[in-house]
Structure formats: structure tokens, C-alpha cells
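Undergrad: One predicted model, sequence on top.
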Amino acid sequence: MRAGICTGVTKVFVFHCDVDWMKRVRCHGVVIGRKILFSMPARDIPQWMFRHEIEHAYQQIREGRVLFYLKYFYYSLRYGYHDNPYEVQAREKQESPLTSSEEQALWKLRESLPS
């Protein structure tokens, strides 16, 4: 299932929910290019997870897509996934309240995709 979101920073991203291959590898959320994928249906995405993945989208916008991915993979090799500075930052931000545009994007996503 997919939905384009047109609020705030999320306007350039397309969301995909209930992605089968992610369930098999036990990955709950990931940002790949302009796509934000979740392993669960839109209605089940917790706010903290949505905020975590949106933070990766912000990182990509700030750094530029190519530089973000180069640094992400370098940091993962050097520090491991858990201590990758991008992951540390996203975990710190995931407990922050959603901005009004992020909250609107999450509700719009939940409404736009069938349950």
C-alpha cells in the first residue's frame, strides 16, 4: 500500500505500508530514496516510529541524499548500526512530540490507505 503525503517536509516522500519483505527481515521502518517504508499497516504505525523515520528523511534533506547514504554506510561499518550517529540522533528525536505537520501527515497516511 502506498500514499503520497503533501504536508511540510514529507511532501517529497512517498509512504509504503505493510511491506512484506520487511516483515521477513524483521525491519519495521526504513527510508530508501524518496520512499519511507513500514512493515505494518498505516493504522498500526506508532508515533515514535513515524518520528524516527521522518528524522532520517530530515537527515537526508540536510545532508543531500548521496552524502547521507555514503556517511550512513560508513558510520554503520565504523560504529555498528546501534551506534551509527544517524541512528543515535533518530532515536533521540523519536521521543519528541510530532510537529503539527508531522502529525497531520501521519493522520493523512492512516486515512489514505485501506485498513
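TA: Cool, got the structure.

Undergrad: just checking, next helix/strand downstream of whichever helix in the chain runs longest?
TA: Ranked by residue count under DSSP state H, the longest helix found in the chain is helix 47-63. Where DSSP states H and E defines the elements, the next helix or strand beyond helix 47-63 is helix 65-79.

Undergrad: any idea of the angle that following helix forms with helix 47-63?
TA: 110 degrees (axes from the mean of the first three to the mean of the last three C-alpha atoms, to 10 degrees).

Undergrad: For the residue nearest to the spatial centre of the chain, which non-adjacent residue is closest in space?
TA: When C-alpha atoms, centre = their mean is applied to the chain, the residue found nearest the centroid is Glu53 (2.2 Å). Using C-beta to C-beta, 6 or more residues apart in numbering and skipping the chain neighbours, the partner closest in space to Glu53 is Gly29 (4.4 Å). For every residue, glycine as well, the C-beta is placed using N, CA and C.

Undergrad: I'd guessed the one you found sits against Pro46; true?
TA: No: with contact defined as C-beta atoms under 8 Å, Gly29 does not count as touching Pro46 (10.0 Å).

Undergrad: Between the two, tell me which one has more neighbours.
TA: Gly29 (21 against 13; other C-beta atoms under 10 Å).

Undergrad: how about that one, phi and psi?
TA: phi -160, psi 150 (degrees, to the nearest 10).

Undergrad: Bridged to it, which residues?
TA: Phe38 (DSSP bridges).

Undergrad: Name all residues that make contact with it.
TA: Residues near Gly29 by C-beta atoms under 8 Å, 6 or more residues apart in numbering: 36-39, 45, 49-50, 52-53.

Undergrad: before we move on, what about Phe50?
TA: 29, 98, 102, 106.

Undergrad: Can you tell me which of these is nearest Asp83?
TA: Set against Asp83, the nearest of those by C-beta to C-beta is Gly29 (18.9 Å).

Undergrad: SS state for Ile36?
TA: strand (DSSP: H, G, I helix; E, B strand; the rest coil).

Undergrad: State the pLDDT value of it.
TA: For Ile36, the pLDDT comes out at 90.

Undergrad: Let me know how buried it is, in neighbour terms.
TA: 22.
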